[in-house]
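Q: one predicted model, sequence on top.
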Amino acid sequence: MSYKTTDGLMRHLRDKGIAVSGSTQKRQLINTGYFHGYKGYRFFHRAGNSLPFTSYGEVYATIRYDAALKSLLYGKVMFIETAVKNIAVEAILTKVRSESIQVMCDRAVSGYHNSPVGANVEKKRKLQQAKLNLQNAIQSSLAKEYRRGNPKITHFYDNANYSGVPIWALFEIMTMGDFGFLLSCLTYNVRDDISRRIGLNLAYDTDRQLVYKYIYMLKDLRNAIAHNAVVFDTRFRSVDPNRAVRQCLLQEIGLSYVNFKTIGDYIILVCYYLKILHVPKTEIKAFVREFENIRDDYVKSVNPAVAAIVIHRDLSARMTALKAYI
């Protein structure tokens with residue numbers, strides 16, 4: 001199998017109609033990589049939807065646009081994760097009156113014997129299987145962190161004065177995905193309490209799914225950012241929004257649609273959480289302004305054909321609706 005040097009890759013790009021030359025762009029190509037950079041950013045959503053770049057400067061501008069979005073979003077998503085975890089812990093402790101993980105599983109997690117009224121045998125078995133999967137995931141997480149010597153866990157297992165890891169310590173080590181799974185396994189009453197404590201709009205959420213559905217959506221975004229994957233075109237999205245997810249934001253923000261196929265919808269979701277978590281309006285507005293500045297800088301850096309694909313045509317109108325909501 002043949003290989004190409006950086007100079008060879010630059011010639012290859014020129015053969016593809018991408019103008020690239022000079023030591024500066026050569027260094028940019030070296031630093032961002034041909035496969036991670038050009039190959040990763042040359043399309044929107046899927047490989048067949050190529051972006052009509054005419055110069056490497058546009059490719060590099062797209063990479064920088066993506067990096068700026070990651071930098072903007074990461075801190076906010078981490079804040080939301082921490083806040084929702086803390087609210088969930090308080091609600092669970094209030095329900096079970098114990099710090100014991102086992103008591104939490106017995107009293108706050110749905111299973112065969114505490115399934116919703118009217119649940120058939122198949123539904124009860126599915127709930128029980130999910131509970132067993134959750135318990136297995138919890139033990140796996142504790143074992144992993146103990147093996148790694150995480151002091152948040154070893155402190156309890158290695159101290160004769162403690163009998164086990166408390167619920168709040170478990171939440172400290174849970175990934176966002178595992179946290180979402182735990183939320184999905186909780187009984188309706190506990191999910192309802194957590195949802196109300198957060199301040200979610202429950203008008204269309206009859207099954208109280210929003211509390212974990214939104215976490216799953218934010219988890220996809222968080223993981224993409226953390227692993228330096230592409231985020232600008234939301235290719236990281238692994239789940240489709242259900243009716244409750246869509247209707248909540250439609251009603252709250254006053255939008256005509258929500259589909260999470262563009263990064264603007266994730267900006268809207270983050271702002272929705274920041275508002276219901278009582279973050280000051282000035283901070284949320286500053287977040288939106290920074291996003292708009294990042295967008296505007298990008299539009300100036302690429303040709304109109306690229307901008308028309310990457311920046312959705314009604315993004316400005318959606319941001320105007322979002323600012324009115326804030």
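A: Perfect, thanks for sending it.
Q: so for the biggest helix by length in the chain, what's the average pLDDT?
A: Longest helix in the chain, counting residues (DSSP state H): helix 56-96. Helix 56-96 shows a mean pLDDT of 97 in the predicted model.
Q: surely residue 17 and residue 55 touch.
A: No: using C-beta atoms under 8 Å, residue 17 is not in contact with residue 55; the gap is 9.4 Å. For the C-beta atoms, the positions are set from N, CA and C on the backbone; glycine is no exception.
Q: which one's more surrounded, the two?
A: residue 55 (17 against 10; other C-beta atoms under 10 Å).
Q: wait, the more buried one touches residue 20, no?
A: Yes: between residue 55 and residue 20 a contact is recorded at 7.1 Å, counting by C-beta under 8 Å.
Q: okay, now the unreliable bits of this structure?
A: Low-confidence segments of the chain, defined by pLDDT under 70: 1-2.
Q: find the residue at the geometric middle of it.
A: residue 218 (2.2 Å; C-alpha atoms, centre = their mean).
Q: so who does the closest residue to that residue other than its chain neighbours touch?
A: Among residues not flanking residue 218 along the chain, residue 77 sits closest, at 5.7 Å (C-beta to C-beta, 6 or more residues apart in numbering). Counting by C-beta atoms under 8 Å, 6 or more residues apart in numbering, residue 77 touches 218, 221, 222, 225, 270.
Q: and the angle for the helix or strand harbouring the second one with helix 56-96?
A: When elements are assigned from DSSP states H and E, residue 221 belongs to helix 210-226. Taking axes from the mean of the first three to the mean of the last three C-alpha atoms, to 10 degrees, one finds helix 210-226 and helix 56-96 inclined to each other by 140 degrees.
Q: packing partners for helix 210-226?
A: Packing partners of helix 210-226 (3 or more C-beta pairs under 8 Å, 6 or more residues apart in numbering; DSSP states H and E): helix 56-96, helix 176-185, helix 188-198, helix 243-249, helix 263-276.
Q: which of the ones you listed sits closest to residue 302?
A: When the helices and strands packed on helix 210-226 are compared by C-beta to C-beta, helix 56-96 sits nearest residue 302, at 4.5 Å.
Q: tell me the angle the closest one makes with helix 176-185.
A: Using the same axes, to 10 degrees: helix 56-96 against helix 176-185 is 40 degrees.
Q: list the buried ones in the helix or strand just after helix 56-96?
A: Helices and strands here follow DSSP H and E; after helix 56-96, the next one along the chain is helix 101-107. By neighbour count on 16 or more other C-beta atoms under 10 Å, the buried set for helix 101-107 is 101, 103, 104, 105, 107.
Q: may I see these arranged in CSV, with distance to residue 175 as well?
A: CSV is the format used below for the buried residues of helix 101-107 (distance: C-beta to C-beta, whole Å):
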residue, distance to residue 175
101, 16
103, 23
104, 18
105, 18
107, 24
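Q: ok, so of the residues you listed, who is nearest residue 214?
A: Using C-beta to C-beta, residue 104 is the member of the buried residues of helix 101-107 that sits closest to residue 214, with 21.7 Å.
Q: for the nearest residue to residue 249 once chain neighbours are set aside, give its distance to residue 211.
A: Nearest-residue entry for residue 249: residue 258, 4.8 Å, with adjacent residues in sequence omitted and distances by C-beta to C-beta, 6+ apart. From residue 258 across to residue 211, the span is 17 Å (C-beta to C-beta, to the nearest Å).
Q: same check on residue 293?
A: Distance from residue 293 to residue 211, by C-beta to C-beta: 32 Å.
Q: and what of residue 88?
A: Residue 88 sits 8 Å away from residue 211, going by C-beta to C-beta.
Q: overlap in contacts, these two.
A: Joint contacts of residue 88 and residue 211 (C-beta under 8 Å, 6+ apart) are 183, 194.
Q: and stretch 48-65, how far from the chain's centre?
A: 24 Å (C-alpha atoms, centre = their mean, to the nearest Å).
Q: for stretch 256-270, same thing?
A: Going by C-alpha atoms, centre = their mean, where stretch 256-270 is centred and where its chain is centred differ by 12 Å.
Q: I figured residue 150 hits residue 173, correct?
A: Yes: if you go by C-beta under 8 Å, residue 150 and residue 173 touch, sitting 6.5 Å apart.
Q: okay, those two: which has more neighbours?
A: residue 173 (18 against 15).
Q: look up phi and psi at residue 166.
A: Residue 166 has phi and psi values of phi -80, psi 160 when expressed as degrees, to the nearest 10.
Q: not counting its neighbours along the chain, what's nearest it?
A: residue 99 (3.8 Å).
Q: CA atoms only: put stretch 144-152 into PDB for me.
A: Extracted in PDB, the C-alpha atoms of stretch 144-152 (Å, rounded to 0.1, in the frame of the first residue of the first chain):
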ATOM      1  CA  LYS A 144     -13.400  -0.200  37.700                       C
ATOM      2  CA  GLU A 145     -12.900   2.900  39.900                       C
ATOM      3  CA  TYR A 146     -11.600   0.800  42.800                       C
ATOM      4  CA  ARG A 147      -9.100  -0.900  40.500                       C
ATOM      5  CA  ARG A 148      -8.000   2.500  39.200                       C
ATOM      6  CA  GLY A 149      -7.500   3.700  42.800                       C
ATOM      7  CA  ASN A 150     -10.100   6.400  42.600                       C
ATOM      8  CA  PRO A 151     -10.000   8.000  46.100                       C
ATOM      9  CA  LYS A 152     -13.800   8.700  45.900                       C
END
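Q: noted, bye for now.
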